[in-house]
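Participant: Pasting a predicted model and its sequence here:
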Amino acid sequence: MTLAVDVRHRMGAFALDVRFESEGRLTALFGRSGAGKTSIINLVAGLIRPDEGLIAVDGTVLVDTARRIFVPRHRRRVGYVFQEGRLFPHLSVRRNLLYGRWFAGRREKHIAFDQVVELLGLAHLLTRPPASLSGGEKQRVAIGRALLSDPRLLLMDEPLASLDEPRKAEIFPYIERLRDEMGIPVLYVSHAIAEVARLASTVVLLSQGRVLAAGAPADVLGSSEMVPVAGPGEVGAVLDARVAKLDVAFGLSTLETRAGPLTVPRVAAGIGSKMRVFIRASDVMLSLNRPEGISALNVLAGRVVALVEESRTVIDVALDCGGQHVMARITRRSAIALRLAPGVSVYAIIKSMALEDGERPGRR
């Protein structure tokens, strides 16, 4: 399914002028607060009428100002998941879920109630009131309610923003399963790069109401356009990986990447499974010689491609490791001491990384 957005809209002093197309299963709108992310999904949802432009989902035109087309929001078949679950406190989980059916109207219902309950692991929660649920459980119910409205497109506006790290870890696998199994495209808003690196199949990078880049996560999140957009500690690189070996004795897994092998705490995914790794630039150290006698398990050989000044004291170093882009954020003093310049061979020492665990709920 293709999502096409080409709109201009002014809200006070803020001017939105964006154009992108995506065929990805989960398209992430990424940027800092105020970049225009929520405004875009509100335009797609029909909550805002643009001054000018066109919005279409799989060839169905929702907005075309030139032809005076504006499909009302209740006819767009768009599900919306907000930052908070917004569940009805007086209804059980089951009745909150079934409320989504009301929005489906008389259309043929392609998504079964039991299918949604199994997908999101909600069976043991059906009789409980929202007040007894954790933040992650509330968001799973909110996602289920949106799915049961039989949407052609699902909008998710920073659905994990209000959750702490353990609750985020709890809900990640369910969103991945939704992305991979339901066949409903998702337009997902976030300003957390590790979240986008894990979930997105397409990334649209936004700044001040404009699109800076759009494409695969590995291309966009590791691009030079990311440097002024990402927050502190967020610049990095996305690597596609495959599980190559399991070390049961030490509880480790070996991942194959184009940059070289990576050793990580044991993942649930089996041999041959594909996954995605995000390495923050701030978690990479550089050495001119292959280090010995260190605790870090992951060292990648590479060469310097470019040096980007992040501030007066910090330099972002772009590396080519076996054809794979990797970033390192170091002090200017270190860059001078190492005499770094394009073409210089270095070793990247990876201190830590975030990765998509290939495990799926209910698939143990």
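Facilitator: Okay, I see it. Residues are numbered from 1 along each chain as shown.
Participant: So what sits opposite the residue lying closest to P261 once chain neighbours are set aside in the bridge?
Facilitator: Among residues not flanking P261 along the chain, T254 sits closest, at 5.5 Å (Cβ to Cβ, 6 or more residues apart in numbering). Where C-beta positions appear, they are placed from N, C-alpha and C, glycine not excepted. On the basis of DSSP bridges, T254 is bridged to K245, T263.
Participant: Can you name the residues that contact the residue positioned nearest the centre of the chain?
Facilitator: Nearest residue to the geometric centre of the chain (Cα atoms, centre = their mean): V196, 2.0 Å. Counting by Cβ atoms under 8 Å, 6 or more residues apart in numbering, V196 touches A28, F30, Y188, S190, V203, P217, L221.
Participant: elements contacting the helix or strand harbouring A4?
Facilitator: Assigning secondary structure by DSSP states H and E places A4 in strand 3-11. For strand 3-11, the packing partners by 3 or more Cβ pairs under 8 Å, 6 or more residues apart in numbering; DSSP states H and E come out as strand 14-22, helix 37-45, strand 52-57.
Participant: again, only using 6 Å
Facilitator: strand 14-22, strand 52-57 (3 or more Cβ pairs under 6 Å, 6 or more residues apart in numbering; DSSP states H and E).
Participant: Specify the beta-bridge partners of the residue lying closest to A66 once chain neighbours are set aside.
Facilitator: Closest residue to A66 apart from its sequence neighbours, by Cβ to Cβ, 6+ apart: L54 at 7.5 Å. With DSSP bridges as the criterion, L54 is bridged to D6, D64.
Participant: Just the pLDDT at L54, thanks.
Facilitator: On the pLDDT scale, L54 is placed at 97.
Participant: surely it meets D6?
Facilitator: Yes - using Cβ atoms under 6 Å, L54 is in contact with D6, at 5.0 Å.
Participant: For V264, give its distance to D283.
Facilitator: Distance from V264 to D283, counting by Cβ to Cβ, to the nearest Å: 13 Å.
Participant: for R312, same thing?
Facilitator: On the measure of Cβ to Cβ, R312 and D283 end up 22 Å apart.
Participant: Between those two, which has more neighbouring residues?
Facilitator: D283 (18 against 6; other Cβ atoms under 10 Å).
Participant: Can you get me a residue count around the closest residue to that one other than its chain neighbours?
Facilitator: Distances taken as Cβ to Cβ, 6+ apart put K351 closest to D283, at 4.6 Å, once the chain neighbours are dropped. For K351, the neighbour count with other Cβ under 10 Å is 14.
Participant: before we move on, the earlier item: return the most buried member of the helices and strands packed on strand 3-11.
Facilitator: Looking across the helices and strands packed on strand 3-11 with neighbours counted as mean count of other Cβ atoms under 10 Å, the highest average goes to strand 52-57: a mean of 19.
Participant: For that strand, list the C-alpha coordinates in CSV.
Facilitator: Extracted in CSV, the C-alpha atoms of strand 52-57 (Å, rounded to 0.1, in the frame of the first residue of the first chain):
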residue,chain,number,x,y,z
GLU,A,52,-3.0,23.3,-0.4
GLY,A,53,-2.0,19.8,-1.5
LEU,A,54,-2.9,16.2,-1.9
ILE,A,55,-3.1,13.1,0.4
ALA,A,56,-3.8,9.6,-1.0
VAL,A,57,-3.7,6.1,0.4
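Participant: pLDDT below threshold where in the stretch 151-300 of the chain?
Facilitator: Within the stretch 151-300 of the chain, the stretches with pLDDT under 70 are 224, 227-228, 230-234.
Participant: And the strands in it, which stretches?
Facilitator: In the stretch 151-300 of the chain, strands defined by DSSP state E, counting those that start in this stretch lie at 153-157, 186-190, 202-207, 210-215, 236-247, 252-256, 262-265, 274-280, 284-287, 298-309, listed in chain order.
Participant: Can you name the residues that contact S287?
Facilitator: Y347 (Cβ atoms under 6 Å, 6 or more residues apart in numbering).
Participant: How much space separates it from T60?
Facilitator: 55 Å.
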